[in-house]
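Trainee: Sequence and computational prediction follow.
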Amino acid sequence: MNREIRTDLAIELRENVADRRNMPGVKVKTVVNEDRSIKTTTITVLDEIGEKNLGKAKGQYITIECSKLKEYEESIHEPLRAELEGRLRELMGHARNILVVGLGNRQVTPDSIGPLVIDNLYVTRHLDTPGKPDLVMSAICPGVMAQTGIETVDIVRGICDEIDVEIVVAIDALAARSSKRLGCTIQLTDTGISPGSGVGNNRKTLSSDNLGRRVIAVGVPTVISVPSIIDDSLDEVADAFNETYGRRIMREFTEKQRYQIACNLLDEDMADMFVTPKNIDELVRRISFTISEAINAIAM
């Protein structure tokens with residue numbers, strides 16, 4: 001079986017490249033807010049060369065990191081919401097009819113980000129009042145294929161065609177390579193998303209090619225594979241032995257070699273396991289509310 005250390009985050013793919021400063025076809029910009037509590041990294045894949053170097057489709061990948069989300073720091077909600085709102089506005093442009101899709105399974109806590117965001121949205125399509133906002137917003141939780149027997153992209157395409165949606169905003173849970181990013185990182189991209197890809201359960205992609213309109217994906221890493229934990233630990237061990245050259249040595253290994261090393265340290269049954277923080281219920285509740293408030297601010 002062809003396996004590798006799993007991550008849905010473009011920023012982590014870039015971190016794994018030995019010469020990250022010299023990556024043709026890829027442009028990177030990082031901004032940190034005034035009190036250094038929020039770091040935003042924008043990775044732009046410019047062409048086919050960039051696609052090959054990074055392993056991601058052409059487009060923008062915006063990663064917002066905020067470690068204070070793990071500290072239950074209430075004061076971080078507003079600046080994080082504002083940052084997310086601003087980035088979403090940039091990607092959405094002047095769209096006036098959007099559909100927010102909450103991907104995932106509400107009954108599985110790490111996979112419930114999408115449905116929880118939908119629960120707190122202020123949808124406006126059904127309103128018929130003088131004060132109706134300029135932005136028409138609809139929302140749907142299509143469930144997962146095991147529940148419906150229907151590909152998510154087919155459900156969303158049907159809705160888009162019926163109500164003439166301009167942009168689809170898809171919310172989903174992701175997988176990370178580093179446990180430090182679980183529950184405190186948000187990735188935005190204009191390239192679409194494949195439901196279930198983080199845990200290797202790939203479905204048809206929600207993309208402009210498949211839906212006939214632009215797709216903005218908003219993802220939060222909530223799970224990490226066991227081999228990824230081992231791989232992350234190997235980097236730390238290498239650094240402990242030689243801070244200058246340890247990680248450089250680890251980068252000499254290919255993805256497949258690193259995966260094999262990690263798997264050799266595990267029981268066979270654990271190689272396909274994913275784990276999540278013990279406080280994941282609180283983490284998804286907090287970050288899903290922040291995402292929904294950022295979208296609501298655009299719609300109002």
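Mentor: Perfect, I can see it now. Since we're looking at a predicted model, the values are computed, not measured. Numbering: from 1, shown residues only.
Trainee: What's the biggest helix in the chain, counting residues?
Mentor: helix 280-299 (DSSP state H).
Trainee: Could you list the buried residues of it?
Mentor: 280, 283-284, 286-299 (16 or more other CB atoms under 10 Å). Every residue, glycine included, has its C-beta placed from N, CA and C.
Trainee: Equivalent analysis for stretch 85-97, please.
Mentor: 85, 87-88, 91-92, 95, 97.
Trainee: With stretch 35-43 instead?
Mentor: 37-43.
Trainee: show me what contacts residue 109?
Mentor: Shown in contact with residue 109 (CB atoms under 8 Å, 6 or more residues apart in numbering): 276, 280-281, 284.
Trainee: quick one on the thing from earlier: any idea of the mean pLDDT in the longest helix of the chain?
Mentor: Averaging pLDDT along helix 280-299 yields 94.
Trainee: so how far is that helix off the chain centroid?
Mentor: 14 Å (CA atoms, centre = their mean, to the nearest Å).
Trainee: Packing partners of that helix?
Mentor: Where contact means 3 or more CB pairs under 8 Å, 6 or more residues apart in numbering; DSSP states H and E, helix 280-299 is packed against helix 77-92, helix 113-119, strand 167-176, strand 214-225.
Trainee: Just the C-alpha atoms of the first one, please, in CSV.
Mentor: The C-alpha atoms that make up helix 77-92 are tabulated as CSV, following Å, rounded to 0.1, in the frame of the first residue of the first chain:
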residue,chain,number,x,y,z
HIS,A,77,-12.0,35.3,20.0
GLU,A,78,-12.5,38.8,18.6
PRO,A,79,-9.1,39.3,17.0
LEU,A,80,-9.1,35.8,15.5
ARG,A,81,-12.7,36.4,14.2
ALA,A,82,-11.6,39.7,12.6
GLU,A,83,-8.5,38.1,11.0
LEU,A,84,-10.6,35.2,9.6
GLU,A,85,-13.3,37.6,8.4
GLY,A,86,-10.7,39.7,6.6
ARG,A,87,-9.2,36.8,4.8
LEU,A,88,-12.6,35.4,3.8
ARG,A,89,-13.6,38.7,2.3
GLU,A,90,-10.4,38.8,0.2
LEU,A,91,-11.2,35.3,-1.2
MET,A,92,-14.9,36.0,-1.7
